Every structure is written in C-alpha cells, then in structure tokens.
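Asks: Okay, predicted coordinates and the sequence, questions at the end:
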Number of protein chains: 2
Amino acid sequence: MSKLTKASLKRAFTWFESGPVILVASNDGSMDNVMTISWHMVMDFSPHIAITTGSWNESYESILKTNEAVLCVPDTSMIDTVIKIGTVHGSEVNKFDDFGLNKQKASKVKSPLITDCSACLECKLEEHIEAYGILIFKGIQLWEGNNPKSKLLHANGDGTFFEEGKLLYKREMMRQWIPEGSERL
Amino acid sequence: MSKLTKASLKRAFTWFESGPVILVASNDGSMDNVMTISWHMVMDFSPHIAITTGSWNESYESILKTNEAVLCVPDTSMIDTVIKIGTVHGSEVNKFDDFGLNKQKASKVKSPLITDCSACLECKLEEHIEAYGILIFKGIQLWEGNNPKSKLLHANGDGTFFEEGKLLYKREMMRQWIPEGSERL
C-alpha cells in the first residue's frame, strides 16, 4: 500500500463537494475507530465541512472527547469494506484490524490517516450543534494518494450505490467562480 | 414538458443522499427565484435536509421571509442551465423566464416545482443556524418525473462535474439498514 502525501488545502473541498461516501477516522486516546457516512456537506472553501451523526455512533463520542477527526475518501473499489464499516458497531470489533485497513500517522491530529483511501483531511472540530447532531469541522491538512482522479463512491441510501461516471469540464463557464488553486480534475 | 407526480416521502432522501447538485426554488411573495447549490446534506430519513448558504444569495432572504422552499434535483442534461442559474444574481434577471424553466404549482408551499427536474421536494424551513448560514428543511411532499433512475449531476467545485456512472446493488449486505419503502433504484 503506497503512502499518502501532503497536498494543498486549497483543493481539499473538491474531494467532498460532490457528496461521496466518506470514512471518518478518530482516536479516543486508546483506540482508533472509523465510521462510514454520506451525510456531510462542504460549508466553505477553507474548508469547513459538516457531518450529521449521533450517539448511536461510537465515533461521535470519541470525536467530542478529542475535538478532532480525519475525513477520508474511499474510491469505488472499497465498496464492500465501506459497507462493512458502516454496518458493524465499533464496540464489537477493531475495525482497522478486522477489515485490513492500512494506517499512516497524521501530522496535526492523533486520529489516523487511512492509506487505502484516495484522500484524507485532518480536521479540528470547531462546533457541535447538539440538537441536530451536527459536527462542524475545519480541515487543516490534506493528504492524497497517487491518483487525484480516483472514481469515488456514492450512496443513494436505498441499498444502491454508484461509481462516478463521465467527467464534464465547464471551466470556461465557471471561470470567475473557481477558487484559486482548487483545480484537481 | 411532462408534469411531475406525487411520490412517497419515504424515498425522498434517496434523491439527495448521493450529493447531487440541486436547485432551490423559492417565492418571496411576489416573485419566484431559484439558486444552484451543492452544499447540502441529508440529516435523517423523514427527511430533514440541511443546506449552507448566506446573504449573498437572494434566495436566502426569500426563504427566511417565507420559511419554505422546494428542493429540486436536475439530471445531467440540465448542466448548462444549472451553471447559469448558479452564476447569475436573481436581482439581475428573472431566472425562470430567462432560462426557460418550466413550473408547476406545489401542493403545500408557494414556491414552485421545476418540472424540468427529475424530482422536487416541498419543504418547510425548520431551523436557521445563523452563525453558519445553515438552513434545516423538513421535506413534506415529494414529486417525481417519469424516470426515477435519472442520472444526476454532481459538482466537484473546481469547474468540473460528473454524471452518475455504473449502479451497484448492495441490498443483500445492507438489508437491515435500508429504511422501509425507500427503494427507488
């Protein structure tokens, strides 16, 4: 498994904007955990990224305890692992070991990077909107694998998924709206 | 342009879960408006759906005034219209007229349905988290066109988009996690 390397934070939001399934890695001080989630949104280009979850997720407590996490973006080839991570509770198994996930040390947080993924974003927790289970993260360090054009995985929520299809270039129409340094694809 | 027809609210979240670009239609009491947004997330199956925006969007003020909106999901064929809607300010043009959007009357809100889209969700605004520009909507009536398997459009944020590719069925693995009545694809 090749290592992830540091990349510009300016393009971090482009890994999340299209709404792929992501893995959220955390560390509660003694153990790594990971959860699968589709319920996330970009909030600005810095980037701030929100997720919605709740106390049924063991990772939620871990993130609230440590105020950090790593948001990782798997590609389509990881679909079965992504589903297993999302359907087994962290208290029952050590997900990293049982699902053969490869880890790498992050630079600014204690949560691990998942090197099987196409990109990982180290994050600090900036806000917890308890009434709605919303966690607002600020990305602080982006890491990428060796394929910045990976086909990501998207969930429809009804037991079906799709892989990303044909790429459409609209830079001419969008020119003034594209943040400087964000071009990844 | 064929009309949209009412569909079960139980599958409404499946139109949004994968993170497509959406159009948000509103009506400020005198005029319809519409904006393009990728920054949204499903929050539960009822469904609650959050978007992040701000006062730079004329639609934001309209939604706060009326406490309602319609979230519409365009397919890939609408890409140029979607970009134009997203890059022109509502005060400069009447977007519905100028971009040739077709409207249909909603059942529970004053904002219009956009019949060019594959699905539209009538929503009430439930919460406004002002510090972050988050609007939390509760979907109350789903409408669908005649193709529930439309290929939706996704933005990467760097001036590129992609259309949805190969559909992957994982219902066996996901069985106990699929909300009853949500199967659309």
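Replies: Good, I have the coordinates.

Asks: Going by C-alpha atoms from here, please, whenever you check contacts or count neighbours.
Replies: Noted.

Asks: okay, now residue A:9: neighbour count?
Replies: Here the number of neighbours of residue A:9 (other CA atoms under 10 Å in any protein chain shown) works out to 19.

Asks: Give me the mean pLDDT for stretch A:44-55.
Replies: Stretch A:44-55 shows an average pLDDT of 95 in the prediction.

Asks: Going by neighbour count, list what's buried in that stretch.
Replies: By neighbour count, and taking 16 or more other CA atoms under 10 Å in any protein chain shown as the criterion, the buried residues in stretch A:44-55 are A:45, A:47-54.

Asks: One more: stretch A:70-85?
Replies: In terms of neighbour count (16+ other CA under 10 Å), stretch A:70-85 has its buried residues at A:70-76, A:79, A:81-85.

Asks: follow-up on the earlier one: ok, and which of the buried residues of stretch A:44-55 reach chain B?
Replies: A:51-53 (CA under 8 Å from any CA of the partner chain).

Asks: ok, how many other residues are close to residue A:65?
Replies: For residue A:65, the count of nearby residues is 12 (other CA under 10 Å).

Asks: for it, what are its contacts?
Replies: Residues in contact with residue A:65, defined by CA atoms under 8 Å, 6 or more residues apart in numbering or on different chains, are residue A:28.

Asks: okay, and for chain A, where does confidence drop off?
Replies: Along chain A, the model assigns pLDDT under 70 to residues A:1, A:90.

Asks: hang on, the earlier thing: among the ones next to chain B among the buried residues of stretch A:44-55, which ones are in strands?
Replies: When those are checked against strands (DSSP state E), the matches are A:51-52.

Asks: sorry, back to before: in TSV: the buried residues of stretch A:44-55, plus distance to residue B:182.
Replies: Formatted as TSV, the buried residues of stretch A:44-55 follow (distance: CA to CA, whole Å):
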residue	distance to residue B:182
A:45	33
A:47	32
A:48	30
A:49	27
A:50	24
A:51	22
A:52	20
A:53	20
A:54	21
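
Asks: what about the strands in chain A?
Replies: Counting by DSSP E, the segments of chain A that form strands are A:5-7, A:22-27, A:32-37, A:40-42, A:48-52, A:68-73, A:103-104, A:113-114, A:119-129, A:134-144, A:153-155, A:160-169.

Asks: before we move on, the earlier item: what's the most distant pair in the buried residues of stretch A:44-55?
Replies: A:45 and A:54 (25.4 Å; CA to CA).

Asks: what sits against residue A:68?
Replies: With contacts defined as CA under 8 Å, 6+ apart, residue A:68 is in contact with A:26, A:109-111, A:122-125, A:137.

Asks: give the contact list for the nearest residue to it once chain neighbours are set aside.
Replies: Spatial nearest neighbour of residue A:68, chain neighbours left out: residue A:124 (4.4 Å); criterion: CA to CA, 6 or more residues apart in numbering or on different chains. Residue A:124 makes contact with A:67-69, A:109, A:137-140 under the criterion CA under 8 Å, 6+ apart.
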